[in-house]
Structure formats: C-alpha cells, structure tokens
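Visitor: please find the sequence and the predicted model below.
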Amino acid sequence: MNQLLVWILATAAALPAAFSVREKSAARHITAATLAAHVRFLADDLLEGRAPASRGSELALRYIASQFERLGLQPAGDDGGWLQRFDIIGMKSEVTTPITVAAPGGKSLVLKPVVDSVVNPGLQQAAMGVRDADVVFVGYGITAPEQKWDDFKDVDVRGKVLVVMNSDPESDPALFAGATRLYYGRWDYKYAEAARRGAAGVIIIHTDHSASYPWHVVQSSWTGTQFELPATPSEPRVTLRMWATEDACRRLMQLAGKNLDELRRAAEKRDFRPVALGVKLTAAVKVALSRSRTANVLGKLPGSDARLANEAVVLSAHHDHLGMREGSADVIYNGAQDNASGVAALLNVAEALASLEPRPKRSIVFAAVAAEESGLLGSEYFCAHPIVAPGRIAANLNIDGLNIWGKTSDLAYVGLGKSTLDDVVGAVARAQGRQVTGDDRPDKGAFYRSDQFNFAKIGVPAMYLKAGIRHPGHDADWGRQLKEKYDNERYHQPGDQIDATWNLDGAVEDVQLMTVAVMRVADAAKMPEWRHGDEFEAARKQALGAVR
Ligand SMILES: [Zn+2]
C-alpha cells in the first residue's frame, strides 16, 4: 500500500467513528507532540518548580498568557489582561500554651504539641488563644438538611471548644453515600461549620481509618507554613484549629468521666445530641505572618450562540507546584505530571476548540489557576471572584495530572454519580470504545482535594478525570502498580520530570475525550445538574436563583 494511504487510514482509525465530523476536526488537534512540548517548557529546571510568587511561576504565567493570545482567546483577567492577581497569606505558628484541659476537681492534663496534638491559628493575626473554654463533644459536627441530619440540634456552642469526629457516618449506604467520603467528612468542613456556629475552637479526633492517613501526615502537613487567602470580615472563623490523636482524646474523655467509644457510638444515630464534657480548655499560639502575590491566567473563547454565550464551561488546571527545597542533590520539584501536564492539556484543548468554525454555543473559560498545592487557593479566589456568575457556569472540568503510562481502555471519573455531567463524559468514552469507572478509593475523598471542589462549593457541577489502569495486554493490577510506583517514587518529589519513560498515547485519547465532552456540554440545550439529593444541589439552586 502507498505510504500516504497507510498514514491516512492510521490517522482516521485513531478517531472514533461515533464522533461527529466537527468533533473529529477538533480532536485531531490533540497530539502527543503538542502535550509534550508544553510540559517540556513548564517543567524545565529554569522554571524552578513554579512555586507561587517565584520568578519561575511568573515565567509560567507569561508562557500560558502568550499561548492564549496566540490562539485568539479573549483576555479574561483583571483590567482587560490575562492575569487575575491575588494575595496569599503565609502563617507559620508556634505553640505558646499547649492544649491544657482542666476538670472541676483540680485535675488536669496537657496534650503535648506534635506528639499528642497540633494547634493552628484560625485567625490571621500575630497571637491568639482560648482560655478556660467549655469543651463539648459534637459527634461528627455535621448539619446536613438533605440527609435530615443535625448533630448540633438546638445547642448553643458559641465560645466553646468542640471535640469532633473526622469523616462522616459510613455504615448505612443510604446515609452520606455510605463509605464514600463527602465534604461533610472533611476537616475543612468541620472547622467551617463550627465557625458558622460561633465556636472558639475545634479538636478533630484523628484515627488512621477516618483520616485515611496516619498521624505523622497530620504532623507534617499542619506544622509547616500554612497558606490562605486574606480573611474577609464577613467570613466566620474559629480561633484555634486543632487535631489530637485518638489516644489523647481517650485521656481527655477519661478526665471528663466519659468513655470515648460510648460517645462515638451515640454519634452514629440521628437522635444524637451534643455532650457538654464539664472540662475547660486553654491553648495559645503565636504566628509569623507573610504576604505574597500570584495569579490565575484566564482566557475566554466567546460562545457563538447569542443567548447561550452568556453561559460558560470552565476548564481548569493548576499551574503551580512546590518550587525548590534544600538538602538533596536535585532540589527542583519540576512538577511535570503535577501539573505541567494538566496545563498542557488545557492549552491543547484551547487550541482544538479555538479552531472550530462556528465556535461552541456557550463560552469556554480556560482557567490556569494558581496555588493549588498551597490549599486550592487560586480556584478558591476564582470562585469568590468569578468572571461569569456561578449560576451561568454550566460545568467545571478539572485536570490534575495526565496519564503518562500509555493507552488504557478505561479512565477514572472522580465525582461519578454526583451529576449529569457523567452521562456526557460516559457517552464520549463509549464512542471511543472505552469505559469510565469511579474513583478506586472514594473513601479518600479525592473529589475534595483538587480545584473542582471549589467550583462544586459554589454549586457548579464539577468533576475531574484521572488516568485509567487497564492497559491493553495487561490486567488492572499491572496498571495500578505502575501508578503506585510513580506515586511512591516521583509524586511530589524532584523526580516528577518528563523523560523517556513517558508515554502520552493514552493522554491523547483522554484529552480528546475532554475536548469532545466540553463541546457537548457547551452545545447542549440544558446545563448539567447535580443528581437529586447531592450535597451540592442546594448551592446550585441558590446560584441559579441569583441569576434568574
Ligand atoms: Zn496537582
């Protein structure tokens, strides 16, 4: 056969017959060479790991903005530019008074910093603490109207310190999605709900099972500098955010004449009521505060339909990584897979969609967000200052790490079953002859650990896709081990670099799927919706109501 004909057949075969002509013409722009080229620049040593506010990060911002401009997107940042600038606050704290609990008879105990407990500032100020605050056990500390669940009942917890269980009820599959962790099960929810109720502090009881990680992870992730957006006056905050080991909490309950296991059993039921422990807590910290500035890079492809162009699909990927660390021979955390590869995908999808004539009906916003590794801060800022009203954002598709291990017949959908967005993505996968599966560790709460979560919080149906594990000619274990090896040896290590072991053939199919899914959401008559009873349904109703 003629070489040209072979090439044409091979190229044609790579795109599913079930894609429309228009979808094929977009998908054709997604190539391994394009993805690799973007990654090779963004993950180069010269960018020094793209830590927020570093020179390397500024170079990444310029690069992304230049690409957006080349593709003919509209700048959607501040003042008609590409960048949405914002400040981040760094807080390095030191315990000045360890957690001290006093019982009425004069007995007391001290929870040793780091060994038994960690104490972190809830307020952005130089020093703070609580003195002789009443301590109350509040079970899971959850108020969830859609589950008809309220641990607080009518109890006033203002000024008190709450002892709270991590995770959410998991024994009943009809409650809190069974073993799957919801937002209610996350530590950030516990602190936020306590703050809404005016509590002074929160101690989360750590167990390996409920946290899905051992105590040393709490120690390491809560003892360095913590980053946040600048606090706003209207946002309620607790004074102290604390964790304690299960053993330390057992001793605290003994001091109060209570049994931790009995309390926890009572908290598994709807009729649970907060239990005043009759002991008082004192603790304090001092804080070294710092302020720096970074930016989201925002480009928009305006919709072609006069009415639907007011609505948008947001594609997001974080551009930051961990920067440089001292001590080892290779000190640069290049973040090639995490998340230069996601930004590469974002840029390649932008290229594919910008090529369409006519453009998709709804507008598409490409958001390369900052400071994800510091606590999802760029997406939090974007969602607090959205360039399109939340009720007009049809969906968020987030990319955090591409498949670098070759073709797979599956891919993992984080957030499967939560919204009708999975119907769209599932149909595109089927058109490719592939299959979408759920997250293989839903108990770990991956949905709440990357930028899509901030979109969900403002009601936007959101998801992210992770690499599959079923490689042709191998069983699923083989694929799982490949990913685990990368996670153990290179994830958040200087070794997260692009090299000859990378195979982007699977990433091409995954990014083609995203391209076509974005097109279908952008052109659909209706926007996706959360499934009835989902934890984010109420937020969506509110967002839709605000633009009606
Ligand atoms: Zn990441």
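Guide: Received the coordinates, thanks.

Visitor: okay, CA-based contacts and neighbour counts for the rest of this
Guide: Noted.

Visitor: touching the ion at all, stretch 450-465?
Guide: No. Shown here: stretch 450-465 not in contact with the ion (CA under 5 Å from the ion), separated by at least 6.9 Å.

Visitor: so residue 252 makes contact with residue 109?
Guide: Yes. Taking contacts as CA atoms under 8 Å, residue 252 lies within contact range of residue 109: 7.5 Å.

Visitor: ok, those two, which is more surrounded?
Guide: residue 252 (25 against 15; other CA atoms under 10 Å).

Visitor: related to what we said a few turns ago, overlap in contacts of residue 252 and residue 109?
Guide: Here residue 252 and residue 109 have residue 101 as joint contacts, going by CA atoms under 8 Å, 6 or more residues apart in numbering.

Visitor: can you point me to the longest strand in this structure?
Guide: Looking across the chain with DSSP state E, the single longest strand is strand 275-301.

Visitor: with just CA atoms, put stretch 31-39 into PDB.
Guide: Extracted as PDB, the C-alpha positions of stretch 31-39 are listed here (Å, rounded to 0.1, in the frame of the first residue of the first chain):
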ATOM      1  CA  THR A  31      -1.300  15.300  19.800                       C
ATOM      2  CA  ALA A  32       1.400  13.800  21.900                       C
ATOM      3  CA  ALA A  33       3.900  16.200  20.500                       C
ATOM      4  CA  THR A  34       1.800  19.300  21.500                       C
ATOM      5  CA  LEU A  35       1.300  18.000  25.000                       C
ATOM      6  CA  ALA A  36       5.000  17.100  25.400                       C
ATOM      7  CA  ALA A  37       6.100  20.400  24.100                       C
ATOM      8  CA  HIS A  38       4.100  22.400  26.700                       C
ATOM      9  CA  VAL A  39       5.200  20.100  29.500                       C
END
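
Visitor: return the list of helices and strands in contact with the longest helix seen in the chain.
Guide: Ranked by number of residues, the top helix in the chain under DSSP state H is helix 505-523. Packing partners of helix 505-523 (3 or more CA pairs under 8 Å, 6 or more residues apart in numbering; DSSP states H and E): helix 21-27, helix 32-42, strand 312-318, helix 341-354, strand 393-398, helix 421-431.

Visitor: so which of the ones you listed comes closest to the ion?
Guide: Taking CA to the ion, strand 312-318 is the member of the helices and strands packed on helix 505-523 nearest to the ion, at 6.7 Å.

Visitor: which residues sit against the longest helix of the chain?
Guide: Contacts for helix 505-523 (CA under 8 Å, 6+ apart): 23, 26-27, 30-32, 312-313, 345, 349, 352-353, 360-364, 394-395, 397, 402-408, 411, 424-425, 428-429, 432, 467, 527-528.

Visitor: go on, stretch 534-545?
Guide: With CA under 8 Å, 6+ apart, stretch 534-545 has contacts from 146, 182-183, 389-392, 418, 456-460, 530-531.

Visitor: do the same with stretch 85-93
Guide: 78, 120-121, 124, 223-230, 285-296, 377, 381.

Visitor: which bits of the chain sit near the ion?
Guide: Within reach of the ion by CA under 5 Å from the ion, the chain has these residues: 338, 400.

Visitor: 8 Å - rerun?
Guide: 318, 321, 338, 339, 372, 373, 400, 401, 450 (CA under 8 Å from the ion).

Visitor: what is the burial count for the third one?
Guide: Other residues near residue 338 come to 26 when the count uses other CA under 10 Å.

Visitor: do the last one as well
Guide: When neighbours are defined as other CA under 10 Å, residue 450 has 21 of them.

Visitor: same thing with residue 104?
Guide: 11.

Visitor: equivalent analysis for residue 129, please.
Guide: Residue 129, neighbours per other CA under 10 Å, totals 22.

Visitor: what average pLDDT does the longest helix of the chain get?
Guide: This predicted structure assigns helix 505-523 an average pLDDT of 98.

Visitor: quick one: the strands in the stretch 351-500 of the chain, in order.
Guide: Secondary structure of the stretch 351-500 of the chain (DSSP state E, counting those that start in this stretch): strands at 363-369, 393-398, 410-414, 435-438, 462-467.

Visitor: direction included, what does the longest one pair against?
Guide: So that's strand 363-369. strand 275-301 (antiparallel), strand 312-318 (parallel) (DSSP bridges).

Visitor: which of the residues in the first one are buried?
Guide: Right, strand 275-301. 275-277, 279-287, 289, 294-301 (16 or more other CA atoms under 10 Å).
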